[in-house]
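Q: Sequence first, then the predicted structure:
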Amino acid sequence: MGVKTIQYINDLNMNWVIRSTKTVECHTNLHEVLKPIWEDLIDYDWIMTDLDFMADDQLPIHFDQDYFILNREEFSVIYRSRTQIIWGIISAVPKNIQLDFNLISNLSAEDENVWKTDQYLIKESYLEITAFDSGYTIVKFKDEKLSNKFKAYFQDEAIDLYEFNKKYRL
């Protein structure tokens, strides 16, 4: 029974890491990461915290605040830009949800929970993306359909986070 349980959990994996890719120019660009699922993310606000980024465009984010809560239109500006997220936590959350802003302002992309499967730094996240030093992008889903679309688009370039940890981090 234990083996079947473990296999079942692995079959439902909805946590991925991208570290290098031929599919996209820069895997820390949100347009590239969200491309296969963007149209499915209409009804969400976006939290962005612990940010370091490079951009040539005028954006609704800057370095003078600890975090940002953006509606779809504001986040679309970043999505359409060529912004490279070096560090940061990006989360799609249901609109008008109550959030703990003190907690959000103190989150870090370097938190060890980023690397744990099914551990969300923002518990209200529908989708959580962590950019880790431009080298890794961790994407966690709570929706199996979105996870499957993401994996189908990135194929072997989206590595199961659990398997990645077993091989490289443990």
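A: Thanks, I have the structure now. Numbers count the residues shown, from 1 in each chain.
Q: Can you tell me the element Val33 falls in?
A: Following DSSP states H and E, one finds Val33 within helix 30-34.
Q: residue boundaries of the strands in the protein?
A: Assigned by DSSP state E, the strands in the chain fall at 15-18, 44-54, 67-70, 84-94, 127-132, 136-141, 159-160.
Q: Just send those strands back as CSV, with mean neighbour count, distance to Phe101 and mean pLDDT too.
A: To be clear about C-beta, it is placed using only N, CA and C from the backbone, and glycine gets the same treatment. Converted to CSV, the strands of the chain look like this (neighbours: other C-beta atoms under 10 Å; distance: least, C-beta to C-beta, whole Å; pLDDT from 0 to 100):
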stretch, mean neighbour count, distance to Phe101, mean pLDDT
strand 15-18, 23, 26, 95
strand 44-54, 20, 10, 96
strand 67-70, 19, 7, 97
strand 84-94, 22, 12, 95
strand 127-132, 24, 17, 96
strand 136-141, 23, 21, 96
strand 159-160, 18, 33, 96
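Q: related to what we said a few turns ago, what about the helix holding Val33, average pLDDT?
A: On average, the pLDDT along helix 30-34 is 92.
Q: send the alpha carbons of that helix over as PDB?
A: The C-alpha trace of helix 30-34 is given here as PDB (Å, rounded to 0.1, in the frame of the first residue of the first chain):
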ATOM      1  CA  LEU A  30       7.000  36.100 -16.200                       C
ATOM      2  CA  HIS A  31       5.700  36.300 -19.800                       C
ATOM      3  CA  GLU A  32       7.700  33.200 -20.600                       C
ATOM      4  CA  VAL A  33       6.800  31.400 -17.400                       C
ATOM      5  CA  LEU A  34       3.000  32.200 -17.600                       C
END
